[in-house]
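Novice: Sequence and predicted structure are below.
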2 protein chains.
Amino acid sequence: MSIRIGIYGYGNLGKGVESAIRQNKDMKLVAVFTRRDPSTVKIATEGVSVYHTDDAMKMTNDIDVMILCGGSATDLPKQTPELAKYFNVVDSFDTHAKIPEHFANVDSAALQSGKVAMISVGWDPGMFSLNRLYASAILPDGKDYTFWGKGVSQGHSDAIRRVEGVIDGKQYTIPVESALDAVRSGTNPELTTRQKHIRECFVVAEEGADLARIENEIKTMPNYFADYDTIVHFITKEELLRDHSGIPHGGFVIRSGKTGFDQEHNNIIEYSLKLDSNPEFTASVIVAYARAAYRLNKEGSKGCKTVFDVPPAYLSMKSAEELRKEML
Amino acid sequence: MSIRIGIYGYGNLGKGVESAIRQNKDMKLVAVFTRRDPSTVKIATEGVSVYHTDDAMKMTNDIDVMILCGGSATDLPKQTPELAKYFNVVDSFDTHAKIPEHFANVDSAALQSGKVAMISVGWDPGMFSLNRLYASAILPDGKDYTFWGKGVSQGHSDAIRRVEGVIDGKQYTIPVESALDAVRSGTNPELTTRQKHIRECFVVAEEGADLARIENEIKTMPNYFADYDTIVHFITKEELLRDHSGIPHGGFVIRSGKTGFDQEHNNIIEYSLKLDSNPEFTASVIVAYARAAYRLNKEGSKGCKTVFDVPPAYLSMKSAEELRKEML
């Protein structure tokens, strides 16, 4: 008996979920839902149909967990509460400031339907959040640091493309090595935004465009670049395609904390990710939590859950006995 | 209402628990139990009494969680099942191969008493185990690596001291940097014992002892040193005391795994610890899980649990709402 998965939204994340399901022998993909005309959407899994999102409600008996692959800005705030009325769901809602509100909406829907709805699953929020929690519970007398990168920021790449005269662009967020080293040394430094990350931009400009103006507009853009040391490279369309078409990302969660009767000992807990594919890794985390959502619901759990609520054993294909024998 | 903690066994770990309790505002130490004559044991916390272990059973109403600080070889296999009959307990049982047997014994006692008994809490087993589980559930198509150090191995230090002509000694386990780098590169190397760790020994020899013989006996000692590249330094008693009296440790859990339809992307998850004090850090993990044991039991849970069974939120002093708002 496989866990039957539906994918709701077929962009980079949806494709990542589709490929991750193949690596998990206890799961199978049963349907993909799209807002586009389903006949125009070609998926990678043979024998699985693509449906319009409007038809999802007809398949409540065929799907154990629906994985929502829409965006956090406008899709998920509506879709997750709506679909939690009918399915166990997992989303990757990542607008940190709006999580309490999203939780409340989803919780009320899922409590009523008796389903489990996991929100904000991925790596940040997700695995990074878990590591912040574990580390701060273990070392209460300490300080947390989160660094992102090296990786592509979609939001900052979009911002570059909005500058006049820019055809295309990619932005990498890069943690500052000396800041990482200062944190690892246990000195608990206070770090400004500028001291923690560099922003590096690869920009394709229109022919004859004023490159100095473009560079200046990028570097002084409020919210996105003004508070950072930003490097701008102008490259050709071919170079962008050849060297910058991947979606790598990653980062570091570091806690530095004291122990001992006189706080005389320092201890560093560090968690880091180095990902060739941000959406595929996010999808892999989501798929593991889809397993957990299914099991929790089987046991009678309902309502909205986050990674903080799930016993780790629920994520694994292995039994509790196997886990204790092989992994403890 | 503080969580009332008892410490059963007052060595390095017991002292670590005592100091960790001070960092957790929702807990208080109520008693320390020793096999020695209690009048000879001076603890660091004023107003708290030291009792003989025989008197623990008289205090079942005064202690919410008993933290067992004995050794895994002979103490815990007896103590944990015995004390789980009367108390919620946490131990740091670390003989990996015997965990299933220990679990079964403790589970049967705790199910009968209705208490929660957490076993094998610390960093390995413990936080390292958790990270092996999370990482392998997320990246099923991958490979795990655990490295230990740089840190003091008590067992290997004891082995050095048993060599004839040796007065005292300390052994450091050191991960091989090039092996770490190979793992981080995503090539999934097969590594031998010798390729993963170096053993470095600081030895105080008797005056006139045959140093060449001692060095050779250490380096060829089966199980402990023969399978490793071992470095032996002879130093004075003063140097040992001055430079090697700490108990640092740490290590790395790294998983390297593929994602994508053609396994074309590599992803690295790395967790590492750099600890000035191994026993104090272990104690800090234990104290966080004592909180979880208390809460789980309050909710009606009973039986033996490991770190795999505990929802992360149970470890934190913060409420679920605070955690979602501040840490997710």
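Specialist: Received, thanks.

Novice: Which parts of chain A are strands?
Specialist: For chain A, the strands defined by DSSP state E cover A:3-8, A:27-34, A:49-52, A:65-68, A:88-90, A:116-118, A:142-148, A:151-152, A:166-175, A:197-205, A:229-234, A:249-259, A:265-275, A:303-305.

Novice: a markdown table for these, including distance to B:Leu130, mean pLDDT and mean neighbour count?
Specialist: C-beta: built from backbone N, CA, C; applies to glycine. Shown next, in a markdown table, are the strands of chain A (distance: least, CB to CB, whole Å; pLDDT from 0 to 100; neighbours: other CB atoms under 10 Å in any protein chain shown):
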| stretch | distance to B:Leu130 | mean pLDDT | mean neighbour count |
| --- | --- | --- | --- |
| strand A:3-8 | 23 | 98 | 24 |
| strand A:27-34 | 23 | 98 | 21 |
| strand A:49-52 | 38 | 98 | 15 |
| strand A:65-68 | 24 | 98 | 29 |
| strand A:88-90 | 21 | 98 | 31 |
| strand A:116-118 | 19 | 98 | 30 |
| strand A:142-148 | 18 | 97 | 19 |
| strand A:151-152 | 25 | 96 | 20 |
| strand A:166-175 | 25 | 97 | 21 |
| strand A:197-205 | 28 | 98 | 21 |
| strand A:229-234 | 37 | 98 | 16 |
| strand A:249-259 | 14 | 98 | 23 |
| strand A:265-275 | 11 | 98 | 23 |
| strand A:303-305 | 18 | 98 | 24 |
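
Novice: And those strands: which comes nearest B:Lys237?
Specialist: Proximity to B:Lys237 (CB to CB) singles out strand A:265-275 among the strands of chain A, at 24.0 Å.

Novice: Just give me the neighbour total for A:Asn24.
Specialist: 20 (other CB atoms under 10 Å in any protein chain shown).

Novice: Give the full set of residues in contact with the residue of the stretch 101-250 of chain A found nearest chain B.
Specialist: Per CB to the nearest CB, A:Ala137 is where the stretch 101-250 of chain A lies closest to chain B, at 3.9 Å. Contact analysis of A:Ala137 by CB atoms under 8 Å, 6 or more residues apart in numbering or on different chains lists B:Ala288, B:Arg291, B:Pro312, B:Leu315, B:Ser316, B:Met317.

Novice: ok, now which ones touch A:Gly126?
Specialist: Contacts for A:Gly126 (CB under 8 Å, 6+ apart) come out as A:Ser92, A:Ser120, A:Thr282, A:Val285, A:Val307.

Novice: and if we set it to 6 Å?
Specialist: Each residue near A:Gly126 by CB atoms under 6 Å, 6 or more residues apart in numbering or on different chains is listed here: A:Val285, A:Val307.

Novice: what's the answer for A:Asn61, then?
Specialist: Applying CB under 6 Å, 6+ apart to A:Asn61 gives no contacts.

Novice: do you know how far it is from A:Pro81?
Specialist: Distance of A:Asn61 to A:Pro81, computed by CB to CB, to the nearest Å: 21 Å.

Novice: Next: A:Val310.
Specialist: Per CB to CB, A:Val310 is found 20 Å from A:Pro81.

Novice: between those two, which one's more packed in?
Specialist: Between A:Val310 and A:Pro81, counted using other CB under 10 Å, A:Val310 has the larger neighbour count: 25 against 21.

Novice: what number of residues lie near the residue nearest to that one when sequence neighbours are not counted?
Specialist: With CB to CB, 6 or more residues apart in numbering or on different chains as the criterion, A:Val310 has its nearest non-adjacent residue at 4.8 Å, and that residue is A:Ala292. Using other CB under 10 Å, A:Ala292 has 27 neighbouring residues.

Novice: now for the strands of chain A, which one comes closest to B:Ala226?
Specialist: Of these, nearest to B:Ala226 by CB to CB is strand A:265-275, at 32.3 Å.

Novice: I'd like the distance from that closest one to the chain centre, please.
Specialist: Computed by CA atoms, centre = their mean, to the nearest Å, the chain-centroid distance of strand A:265-275 equals 19 Å.

Novice: got it, and stretch A:128-144?
Specialist: How far stretch A:128-144 lies from its chain's middle: 20 Å, per CA atoms, centre = their mean.

Novice: Residue numbers of the stretch 101-250 of chain A in contact with chain B?
Specialist: Taking CB under 6 Å from any CB of the partner chain, the part of the stretch 101-250 of chain A that reaches chain B is made up of A:Phe103, A:Ser120, A:Pro125, A:Ser129, A:Leu130, A:Arg132, A:Leu133, A:Ala137, A:Ile138, A:Pro140, A:Asp141.

Novice: with those residues in mind, which one is nearest to B:Thr53?
Specialist: A:Ile138 (27.5 Å).

Novice: Would you confirm that that closest one contacts B:Ala288?
Specialist: Yes - with contacts counted by CB atoms under 6 Å, A:Ile138 reaches B:Ala288, the gap being 5.3 Å.

Novice: These two: which is more packed in?
Specialist: More crowded of A:Ile138 and B:Ala288, by other CB under 10 Å: A:Ile138, with 28 against 25.

Novice: on that earlier part again, I'd like to know which of the residues of the stretch 101-250 of chain A next to chain B are buried.
Specialist: If you count burial by 16 or more other CB atoms under 10 Å in any protein chain shown, the buried members of those come out as A:Phe103, A:Ser120, A:Pro125, A:Ser129, A:Leu130, A:Arg132, A:Leu133, A:Ala137, A:Ile138, A:Pro140.

Novice: Any idea what A:Glu270 is bridged to?
Specialist: Note on A:Glu270: beta-bridge partners by DSSP bridges are A:Ile254, B:Ser272.

Novice: thinking again about what came up before, tell me the pLDDT of the residue nearest to A:Val310.
Specialist: Confidence at A:Ala292, expressed as pLDDT, is 98.

Novice: and what of A:Gln154?
Specialist: As predicted, A:Gln154 sits at a pLDDT of 89.

Novice: try A:Met1
Specialist: Value for A:Met1, per-residue pLDDT: 81.

Novice: That one and chain B, how far apart?
Specialist: According to CB to the nearest CB, to the nearest Å, A:Met1 and chain B sit 18 Å apart.

Novice: Can you get me a residue count around that residue?
Specialist: By the measure other CB under 10 Å, the count of residues near A:Met1 is 5.

Novice: Now A:Phe128: closest residue in space that isn't a chain neighbour?
Specialist: Closest residue in space to A:Phe128, ignoring its immediate chain neighbours: A:Val253 at 5.0 Å, by CB to CB, 6+ apart.

Novice: if I pick the one you found, what's in contact with it?
Specialist: A:Phe128, A:Asn131, A:Arg132, A:Thr146, A:Tyr271.

Novice: distance of it from B:Met327?
Specialist: 11 Å.

Novice: Equivalent analysis for A:Arg295, please.
Specialist: A:Arg295 is 24 Å from B:Met327, where distance means CB to CB.

Novice: Between these two, tell me which one has more neighbours.
Specialist: A direct count of neighbours by other CB under 10 Å for A:Arg295 and B:Met327 places B:Met327 higher, at 23 against 18.

Novice: Backbone dihedrals for that one, please?
Specialist: Main-chain dihedrals, B:Met327, degrees, to the nearest 10: phi -120, psi -20.

Novice: surely it meets A:Leu133?
Specialist: Yes - counting by CB under 6 Å, A:Leu133 is a contact partner of B:Met327 at 5.3 Å.

Novice: Much appreciated, bye for now.
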